Structures are given as C-alpha cells and as structure tokens.
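*Asks:* One predicted model, sequence on top.
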Amino acid sequence: MTFKNKVIWITGASSGIGKALAIELSKTNCKLILSSRRKDALLYVKHLCSNSDVIEILPFDLANYEDMPTISKKAISFFTKIDILINNGGISQRSLIIDTDISVDKKLMEIDYLGTVALSKAILPHFVSNQSGHFVTVTSLMGKFSSPYRSAYCGAKHALHGFFDALRMEHDKDYIKVTMICPGFVNTEVARNALVGDGSRQNEQDTATANGLEPTDFAKRMLKAIKKEKFEAYIGKSETKGVYLKRFFPKLLHKLVLKSQVR
C-alpha cells in the first residue's frame, strides 16, 4: 500500500499528531484535506507542508455532529474522492470521577465518540460506492485499558473500538479497511487542553506527556502501521505493555497503574 496519489483527510490537523501527520504525508505525493476548528492554525500547517498546492482546508467542529453529511460532501468535492479518513480530532480529560460534572462526560462523548462516528458514517456510503476506503481512527491506549483521572476519556475511547470493530466486520465485503491507532504518551498539547471536573481546561502540561514520543516520531510510526493495514497499533514507550497486561494479568496492571500515580 502506498500513499502516492491518495486523497487523505485528517481531522485534528492543526497541532500535535495531526500536524505531524500532515507534514510527513505531504512528502509522499498525496492530496490532503486538513480539518480542525481553527482555520488560521490549519493555514499555518498547510504552509509548513511540502505539497501545499494539493492541500485543502476544511474547518469544522466535531461537536456539531449533525453537520457531518454536509461536511463530508464538501470534502469529497475538493478532489472528487476520499481514500483515507484519519479520525484524529478530539479532547482529553483530567479529573476524578467524583469531581467530574456529567456535562464533561457528555462533551467527551459528543466530540471524541459521536463526532468521529457521525463523520465516519457520513463518508461510509462514498467508500462503499468506491468499493475501497480506509478508516484510521486515533484512539489511545486508554481505549484498551483505563487509568485514574481519565474516566470520560477512557469511556469514549473504549466506545470507538466497539464501533469500528463492528464496522470492519460489516464492510469487509466492501473492501473497506479499519486501523485503530492507540498512542501512549505523546508530547503534544493534549494535557494542557484536557478538561477538568468543571469543564474548564487544565492549562498545564504533565510530566508523562512531556516525556512521551515526539509527534514527528509518532507520525512516522503511525504511517508505517497504516501502510501495513494493521487492525490495531500500539505506539508509545513502555506504557504499551499495559495492553498485554490487561489481557493476561489484569490485577497486576491494576496494581502497577495505581503505583505509577500517573496524572
């Protein structure tokens, strides 16, 4: 599988992983559609890319999931097709369950789950009609096991795995691929932008995130997984071992996560 001449749509493309993906993909002679809420940030990312003449900007908010059919039609109109949709947009959370207002849980589900699902469902008929297409969804290791202070985030990411596993099965006959990308700690703004219990932003970095993979390194490893059409890829440092501990030694994982005191 090659990215050459493919049309690739990236959400959450204004910073972090999405920005790094756009820059790396722009070196592969593909066409890109970059989306996030911030038009000015998207224009800056486009400026950093190698093939800006074949990059389109499409700002929108994942929280407005009712708008996705219109948004997807606009995306298709740029190059007449979409080959790969990279669902990367979303937000995180840092607060104890007992301190978290239900409105925060709702917002995480609306953006991280419903927004992503609505966009994917809107583009799905296009993939079926073409008898090809690749959904790449960035979830998290928190979509495979959980950690304190991230209850709403874990819930939304776990839900994405349930949905896309079903989609992969239902549309295997249509030659549609699904790759779930599960990052560990990546040195982005995700912690600073995370919501706390009252719905405000945390506005500070945490040590584990700051010591995570650099976005460019992560993006290169992620693109290798996409090219191999992997079902799932766990990308990070030692924290990726948690996936296997959860499967075979769940009580041990429980003790190790508590001991780590990760925030």
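*Replies:* The structure has been received and is ready for your questions.
*Asks:* going forward, measure contacts between C-alpha atoms and count neighbours the same way
*Replies:* Noted.
*Asks:* Going by neighbour count, list what's buried in stretch 174-184.
*Replies:* Within stretch 174-184, the residues that qualify as buried are 174, 176-184, counting by 16 or more other C-alpha atoms under 10 Å.
*Asks:* Looking at those, spot the one nearest A22.
*Replies:* Using C-alpha to C-alpha, I181 comes nearest to A22 of these, at 16.0 Å.
*Asks:* isn't the closest one right up against T139?
*Replies:* Yes. Counting by C-alpha atoms under 8 Å, I181 does reach T139; the two are 5.9 Å apart.
*Asks:* Neighbours of L34, how many?
*Replies:* Per other C-alpha atoms under 10 Å, the neighbour tally for L34 reads 26.
*Asks:* So what sits opposite it in the bridge?
*Replies:* Residues found in beta-bridge contact with L34 (criterion: DSSP bridges) are I10, I57.
*Asks:* contacting residues for it?
*Replies:* If you count contacts by C-alpha atoms under 8 Å, 6 or more residues apart in numbering, L34 has them with 9-14, 22, 42, 55-59.
*Asks:* out of the residues you listed, who has the most neighbours?
*Replies:* Note: the member of those with the most neighbours is A13, at 30 neighbours, neighbours being other C-alpha under 10 Å.
*Asks:* Quick check: buried residues in stretch 29-49?
*Replies:* Neighbour-count burial for stretch 29-49, with 16+ other C-alpha under 10 Å as criterion, is recorded at 29-39, 41-43, 45-46, 49.
*Asks:* same check, this time on stretch 94-105
*Replies:* Along stretch 94-105, these residues count as buried under the neighbour rule (16+ other C-alpha under 10 Å): 94-95, 100, 104-105.
*Asks:* What of stretch 218-229?
*Replies:* 218-219, 222-223, 225-226, 229.
*Asks:* Turn the residues you listed into JSON lines, including pLDDT, secondary structure and distance to G18.
*Replies:* Compiled in JSON lines, the buried residues of stretch 218-229 are given as follows (pLDDT from 0 to 100; DSSP: H, G, I helix; E, B strand; the rest coil; distance: C-alpha to C-alpha, whole Å):
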{"residue": "F218", "pLDDT": "98", "secondary structure": "helix", "distance to G18": "10"}
{"residue": "A219", "pLDDT": "98", "secondary structure": "helix", "distance to G18": "8"}
{"residue": "M222", "pLDDT": "98", "secondary structure": "helix", "distance to G18": "11"}
{"residue": "L223", "pLDDT": "98", "secondary structure": "helix", "distance to G18": "12"}
{"residue": "A225", "pLDDT": "98", "secondary structure": "helix", "distance to G18": "15"}
{"residue": "I226", "pLDDT": "98", "secondary structure": "helix", "distance to G18": "14"}
{"residue": "E229", "pLDDT": "97", "secondary structure": "coil", "distance to G18": "19"}
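*Asks:* Right, I'll leave it there.
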